[in-house]
Each structure stands twice: as structure tokens, then as C-alpha cells.
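Enquirer: Quick check, what structure comes out for this input:
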Amino acid sequence: MTVPLPPLSPRTTARIGGALYLFIIVAALFGEAYVRGTLIVSGDAAATARRILGSETLFRLGLAGEMLTCVFDVALALIFYVLLKPVSRNLALLAALLRLTYVGIYGVAKLFEIAALAALHGPDSLKDVDPAQWDDLAFLLLRVHGLGYGASLLFFGCSCVLMGYLMFRSQYLPRTFGVLLVIAGASYALYSLAQMLAPQFADQTLFPWMLLPGLPAEWGLCLWLLIKGIDLPKWNEHGTNGPNASA
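Expert: Next up, the predicted model:
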């Protein structure tokens, strides 16, 4: 005979989401800004190879942390669905599916980093290949990783826009963060499209400025969920109206 676990309160659910969000933000910033920012030399495959092989533990640590963010992001998609479905079940589900699609593309993109590391070591059966060719291949794989990450931001941005809209309507989460999340999501999506349509313009002009609106939106929401949770009286007020509110 199994004993069912008691359901988590909305405030506890929100705080768990805040803790997961905090790890995701810190690990993503560490991997993107510090690890890749330190080890990848723009336009120089040989220098990038030397730096990665000279700090391989750091590279692997960043990779492992970002792979963990994929796991936590799947859980966070479910948590946000639970928190936002009283406003609109359909839109909350769509936002969750978009976030899961983002995680899938992002996870595949990380495989190219793993492949780049494998290329830098070079298979034993191909020792006659010029090491510079392995460096070039690894550099190309890292470039594909960057493009895959940029493509994933289109889905992440659309998810953020929907989440921000639902937060703005919810009343039990701060409207300010809803507005900021809509702006951040639109910035993510526009940058992703720009990277596909005009990659040089996106990389040299838009990056990293188009991604900056996400900092106050995501950090603010993360800390609010972790410390404050949600406004329970207003949550309960939504609950009396049912989770199938019109979109």
C-alpha cells in the first residue's frame, strides 16, 4: 500500500522554482561569460585549442554545469506551468512547451562542445592528421554550438513573453517582472532571428546588448520567487475562479 505524498503549497513550489532558477542563472553565466569568454579566442583556432587543453577541467566544469541547467530547466518549466495555469491553462501549457523545446535545442547544441573537446584530443587511429586541422574542426564545432544556442533563444524568448503576460495578469506575482520578462523575451527572440538573418550584425552589433534586458527580469524574478514566493490571498482568489480562465 502506497501513501500519497502531500501536495506542495504554491509558495513552496514558487521557492523551489526560485532555487532552481538561481542555479540555472549562475551556471549559465559561469559557462558563457567566464568559461567561454576566457577560453575561446575569436577568429583564432590554435589559441582557442591551447587555452581549452590548458584549462580542460574548467571547460568540463562549465559544460557539466550547463548540462545540469537543462535538467533543472525541465523541472522549472513544470513549476511555471503550475504557478501560471490559474490565469490561463492553455497559455501556461504553451509557455512550458516552448521552454522544453528550448531545452531540447540547447541540449543538442552542448553536444557540439563535447565533440569539440573530443576533436582537440584527436582519435588515436588518425595520428597522421595535422594537429592544426583538429584545431580548426574543434573551432568549427564551437561555432556551431554558438549558432545552436542562438537558435534556441527564439523558443526561450517566446516562452518568456507568454510567461510575462501571464504574470502581469496574475496579480499574485509582481506585474513589474511580468513587463520586464516580456521585454527580455522579445529581445531574446529578436537576437535569435538576427543571428540567423544577419549573423555578422548580430554578433558584432547586437551581442551582448540585446541580451542585457534579461538580467533584471530573470534575476529579479528568481530572487522574488526564492524569498517572497507568491501572494497567497490573490492566488486563492484566482483558484476560486478555476484554472480554466480565458486566454
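
Enquirer: can you map out the strands along the chain?
Expert: Using DSSP state E, no strands are found in the chain.

Enquirer: where in this structure is pLDDT low?
Expert: 1-7, 123-129, 239-247 (pLDDT under 70).

Enquirer: P208: neighbouring residues, count only.
Expert: By the measure other C-beta atoms under 10 Å, the count of residues near P208 is 10. For glycine as for every other residue, the C-beta is placed from the backbone atoms N, C-alpha and C.

Enquirer: Now the phi/psi pair for it, please.
Expert: phi -100, psi 10 (degrees, to the nearest 10).

Enquirer: roughly how far apart are it and Y172?
Expert: Applying C-beta to C-beta, to the nearest Å, the value for P208 to Y172 is 33 Å.

Enquirer: and what of W235?
Expert: According to C-beta to C-beta, W235 and Y172 sit 4 Å apart.

Enquirer: In terms of neighbours, single out the busier of those two.
Expert: Between W235 and Y172, Y172 has the larger neighbour count (other C-beta under 10 Å), namely 23 against 20.

Enquirer: tell me the helices in this structure, going along the chain?
Expert: 10-29, 37-39, 45-54, 56-84, 89-121, 131-170, 175-197, 199-201, 214-227, 232-240 (DSSP state H).

Enquirer: and F23, how far is that from Y191?
Expert: For F23, the distance to Y191 - C-beta to C-beta - is 24 Å.

Enquirer: So these two - more neighbours on which side?
Expert: Comparing F23 with Y191 by neighbour count (other C-beta under 10 Å), the higher total belongs to Y191, at 23 against 15.

Enquirer: Count the neighbours of the spatially closest residue to L225 that is not a sequence neighbour for me.
Expert: Among residues not flanking L225 along the chain, G18 sits closest, at 3.2 Å (C-beta to C-beta, 6 or more residues apart in numbering). Residues lying near G18 (other C-beta under 10 Å) number 20.

Enquirer: Identify the residues contacting G18.
Expert: Contact analysis of G18 by C-beta atoms under 8 Å, 6 or more residues apart in numbering lists C222, L223, W224, L225, L226, I227, G229.
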